[in-house]
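**Q** This is a predicted model, with the sequence first.
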Amino acid sequence: MKKEKRGRIIFRIEDIPDLPEIIWNASGGYQNNKWEVPEDKSLLKNMVSDEDIEQLYSMEESAEQNIYLRSLLSKPLKAKDEELRMRAMKWVIYDWGHVRGLKGSEEVWPKQLGNYEEAVIEKFITENHKKRIASWSKVLAFADSAKYAIYDARVVMSLNTILDDTSYPQRFYMPPPSSEKLPKSFSNIKKHVKNLYPNKQPKYLGYFEYLNLLNAIVNKKLAKNILEVEMCLFANGMNYAEKYAAKYGLVSQNKRPKKLSKL
């Protein structure tokens, strides 16, 4: 393990050579899963063309539809017009992502993200760390799916459940479940994961480690891109939540949602 000046342990894929295979082999597929898009087509008006909107909503395959959606939103998210950028960000976070609460802090993101230069994004991620990670990671992933991936409660639920079946002691930070579509067990599991650490300041794995892991999976040619890995982890998040809850007696009475939706 590599150490920083303050002694914090830094996660590197090189420390666990077979972790990419472990994660990928356990992640499952995303076919036959549903990702909702807002029923109101007009919410995309003035951000993408009418032709693109009609093509999007004519797609019957849900995963294909959401992959195409990211390509459509990339341009307005990178627009020089900050008002257009803001509308696109809010659509991704709230209309598509169903994030609740905490509105307002994203108002400064259009300026902070600049032209999405690598150094600028690295600084942004470092400064925001865990704060609203499920929201800003959506923005980054829609702006550039080749480099960035969504980091939300379902994705991390899959990762931590898989890690729980290995000897590796660290866990990924679990964002607070911000969607009413998620069962209560997610909050219980978040507390349980925190209690796995013997001290009060757990050295969680975070967004940089997450991207490192996803890219390692792609570099080993296990998946074609990081979006594919993200989608597999997300699609199986509910199943892994049930598995984790049952393993530790954290069973929730909440019913499983009929459709998947991003956090």
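**A** Structure's in. What do you need? Residues are numbered from 1 along each chain as shown.

**Q** Where does Leu73 sit: helix, strand or coil?
**A** Recorded secondary structure, Leu73: helix (DSSP: H, G, I helix; E, B strand; the rest coil).

**Q** wait, what's in contact with it?
**A** Neighbouring residues of Leu73 by Cβ atoms under 8 Å, 6 or more residues apart in numbering: 47-48, 88, 91-92, 142-143. Where C-beta positions appear, they are placed from N, C-alpha and C, glycine not excepted.

**Q** now Trp96
**A** 37-38, 69, 138, 262.

**Q** now, among the residues you listed, which is nearest to Asn212?
**A** Among these, Lys138 lies closest to Asn212 (Cβ to Cβ), at 19.5 Å.

**Q** Quickly find the element holding the closest one.
**A** Lys138 belongs to helix 133-143 when assigned by DSSP states H and E.

**Q** Which elements pack onto that helix?
**A** helix 62-77, helix 109-113, helix 118-128 (3 or more Cβ pairs under 8 Å, 6 or more residues apart in numbering; DSSP states H and E).

**Q** ok and the first one relative to helix 133-143, angle-wise?
**A** So the one you mean is helix 62-77. Following axes from the mean of the first three to the mean of the last three Cα atoms, to 10 degrees, one obtains 90 degrees for the angle between helix 62-77 and helix 133-143.

**Q** Please apply the same query to the last one.
**A** What separates the directions of helix 118-128 and helix 133-143 is an angle of 170 degrees, with the same axes, to 10 degrees.

**Q** wait, what's in contact with the nearest residue to Leu69 once chain neighbours are set aside?
**A** The shortest distance from Leu69 to any non-neighbouring residue, by Cβ to Cβ, 6 or more residues apart in numbering, is to Leu56 (6.1 Å). Leu56 sits next to 37, 44, 65, 68-69, 72 when contact means Cβ under 8 Å, 6+ apart.

**Q** and what of Phe124?
**A** Phe124 neighbours (Cβ under 8 Å, 6+ apart): 112-113, 136.

**Q** Run a quick neighbour tally on Pro20.
**A** A count of nearby residues for Pro20, using other Cβ atoms under 10 Å, gives 22.

**Q** which SS state does it fall under?
**A** helix.

**Q** thinking again about what came up before, how far off centre is the helix holding Lys138?
**A** Chain-centre distance of helix 133-143: 7 Å, with Cα atoms, centre = their mean, to the nearest Å.
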